[in-house]
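Student: Here's a sequence, model it:
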Amino acid sequence: MPRRDDIHSVLIIGAGPIIIGQACEFDYSGTQACKALKEEGYRVVLVNSNPATIMTDPEFADRTYIEPVTPEAVEKIIVRELAELKKIGTDGKLVLLPTLGGQTGLNTAMELFRTGVLQKHGVEMIGAKADAIERGEDRERFKELMLEIGLDVPVSGIAHNMDDAWAIADRIGKFPLIIRPAYTLGGTGGGIAYNRDEYEELTKKGINLSPVNEILVEESLIGWKEYEMEVMRDKADNCVIICSIENFDPMGVHTGDSITVAPIQTLTDKEYQIMRDASFAIIRAVGVETGGSNIQFSVNPDNGRMIVIEMNPRVSRSSALASKATGFPIAKIAAKLAVGYTLDEIPNDITRETPTSFEPTIDYVVTKIPRFAFEKFQQADPTLNTQMKSVGEAMAIGRTFKESLQKCLRSMEIGRAGLGGDGKGWRVSDTVYGDRDILPRDLITQKLTTPNAERVFYLRHALRAGLTVDEIFELSKIDRWFLTQIQQIVDCEEELASVGASA
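Tutor: Numbering: from 1, shown residues only. I've put the predicted structure just below:
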């Protein structure tokens with residue numbers, strides 16, 4: 001399909017200030033989209049409150065507004081831009097592309113739609129229609145939709161007040177329970193409640209922090225494996241998987257705080273194809289006609305039961321990782337799809353011969369490790385849960401998982417050369433252990449059982465202390481395949497140490 005000639009200007013809403021859960025990934029995506037739209041000859045209008053971003057540099061947009069990313073400010077900009085179009089006498093219209101500014105941009109656009117501002121000024125939303133966004137973001141509608149298309153979801157309920165919340169808890173019947181507020185970023189206001197006191201505290205907080213005062217309370221899936229699919233769809237109903245991502249840490253840890261690996265390592269081809277087909281069914285059912293979505297799944301390691309966790313009907317944090325991992329510019333392609341192109345009309349930037357309707361394949365392994373700064377936030381609880389706490393991340397590419405993991409750990413700027421074996425000590429409270437010391441078993445058990453920023457290093461300590469892969473799995477619920485890979489790294493370290501000792 002040809003590009004749309006009825007559009008003159010595209011208004012892009014940026015992500016605003018860099019905060020935990022919404023950082024430079026959206027600047028990366030927004031910059032890609034601005035360049036792609038200017039290439040197509042559209043006038044690009046950008047609103048972003050953060051002047052420190054790359055996308056607010058003068059060359060990326062025809063007009064940049066450094067204004068608060070709020071419905072009121074964006075409406076004023078719409079009025080001004082419509083007056084500008086009238087002044088220059090063009091028949092082209094102003095459209096809004098809301099899917100590149102993270103949750104902030106999406107929420108702002110949806111508020112403009114709900115209050116009738118977009119309809120009043122005749123501004124069309126492209127990239128994702130309002131109804132599709134609501135189906136993907138509204139927890140109750142999304143759950144009902146998944147059940148309609150035959151996909152499994154966690155046992156759950158929607159609450160708008162404490163009476164609703166207690167009724168749902170009684171129906172599910174057991175703790176722990178997961179609390180997920182609607183329309184929030186990085187799991188803000190969410191968490192895991194292990195008893196009634198924690199449940200009351202988290203539900204009140206979640207209801208208050210949700211823009212629509214809504215939370216989803218669901219059965220605990222702690223210990224299940226977690227996967228993500230980056231999916232794209234165009235108006236001709238072509239669907240492709242850009243990248244599959246596996247979380248090293250099991251469910252219970254926010255995906256932004258988990259080590260992630262691409263492509264998926266621990267599914268059989270049959271299991272992967274089932275998840276791929278489910279992803280296509282979801283993006284079609286939700287109604288995302290043009291652009292990308294991030295869909296999250298969970299699999300029970302004991303019986304293989306697969307359930308759908310959630311969907312982000314926009315360019316997400318994982319989209320930036322998937323773009324860098326595969327070389328597929330998701331935000332650029334999403335912008336071109338939004339203005340009328342189909343995947344088979346857009347050439348692949350890497351091959352320059354095949355269209356983007358061909359799914360990327362990679363013959364290497366990409367690992368992402370989050371970076372934490374708890375030393376700067378002394379009051380923060382270092383336990384990792386469903387609310388994102390990392391402040392950055394490193395990514396590495398290797399021929400094997402072991403290579404990419406070691407490269408990534410070395411890139412973290414925490415003074416380590418990998419999992420260990422670098423001669424540097426380990427500080428635990430006021431005690432400093434040598435690099436080759438065997439740590440106390442109770443300390444290792446506590447660090448493996450409770451998700452924390454150092455858990456990957458304690459896998460090495462556990463193996464060196466004599467714990468088996470099965471014992472570590474029971475404590476951490478990290479898949480045995482990953483534990484076996486780390487066992488091989490430790491075995492190599494021990495072999496090198498013994499050679500050095502005998503030399």
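Student: Run through who's touching stretch 195-212.
Tutor: 107, 111, 159-162, 165, 169, 175, 177, 179-184, 188-193, 213-215, 217 (Cβ atoms under 8 Å, 6 or more residues apart in numbering). Any C-beta I mention is one placed from the backbone N, CA and C, and that applies to glycine too.
Student: pLDDT on it, on average?
Tutor: Here stretch 195-212 scores 91 as its mean pLDDT.
Student: what comes up buried for that stretch?
Tutor: For stretch 195-212, the neighbour count (16 or more other Cβ atoms under 10 Å) marks 198-199, 202-207, 209-210, 212 as buried.
Student: any chance of the residues you listed in JSON lines, plus distance to G466?
Tutor: Shown next, in JSON lines, are the buried residues of stretch 195-212 (distance: Cβ to Cβ, whole Å):
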{"residue": "E198", "distance to G466": "35"}
{"residue": "Y199", "distance to G466": "39"}
{"residue": "L202", "distance to G466": "38"}
{"residue": "T203", "distance to G466": "43"}
{"residue": "K204", "distance to G466": "45"}
{"residue": "K205", "distance to G466": "42"}
{"residue": "G206", "distance to G466": "42"}
{"residue": "I207", "distance to G466": "47"}
{"residue": "L209", "distance to G466": "45"}
{"residue": "S210", "distance to G466": "47"}
{"residue": "V212", "distance to G466": "52"}
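Student: now, which of those residues lie within strands?
Tutor: Among the buried residues of stretch 195-212, no member falls in strands (DSSP state E).
Student: between those residues, which is closest to K38?
Tutor: V212 (35.0 Å; Cβ to Cβ).
Student: Ramachandran coordinates for the closest one?
Tutor: Per-residue torsions, V212: phi -110, psi 20 (degrees, to the nearest 10).
Student: Report the separation between it and V69.
Tutor: Separation of V212 from V69 (Cβ to Cβ, to the nearest Å): 18 Å.
Student: Who are the packing partners of the helix or strand where I77 lies?
Tutor: Assigned by DSSP states H and E, I77 belongs to helix 71-88. Helices and strands touching helix 71-88, as assessed by 3 or more Cβ pairs under 8 Å, 6 or more residues apart in numbering; DSSP states H and E, comprise strand 7-13, strand 43-47, strand 63-65, strand 93-97, helix 102-114, helix 117-121.
Student: Ok, which of these comes nearest D470?
Tutor: helix 102-114 (39.7 Å).
Student: can you give me the offset of the closest one from its chain's centre?
Tutor: 18 Å (Cα atoms, centre = their mean, to the nearest Å).
Student: Can you list the buried residues in it?
Tutor: In helix 102-114, counting by 16+ other Cβ under 10 Å, buried: 102-113.
Student: which strands and helices sit next to the longest helix seen in the chain?
Tutor: Longest helix of the chain, by residue count under DSSP state H: helix 480-502. Packing partners of helix 480-502 (3+ Cβ pairs under 8 Å, 6+ apart): helix 401-410, helix 455-464, helix 469-476.
Student: if we can go back for a sec, same list, the helices and strands packed on helix 71-88, but as CSV with mean pLDDT and distance to E228 please.
Tutor: Listed next are the helices and strands packed on helix 71-88 as CSV, based on pLDDT from 0 to 100; distance: least, Cβ to Cβ, whole Å:
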stretch, mean pLDDT, distance to E228
strand 7-13, 94, 24
strand 43-47, 95, 28
strand 63-65, 94, 32
strand 93-97, 95, 23
helix 102-114, 90, 16
helix 117-121, 95, 31
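Student: Of those, give the one that comes closest to K225.
Tutor: helix 102-114 (25.3 Å).
Student: The closest one to strand 93-97, inter-axis angle?
Tutor: Here helix 102-114 points in a direction 130 degrees away from that of strand 93-97 (axes from the mean of the first three to the mean of the last three Cα atoms, to 10 degrees).
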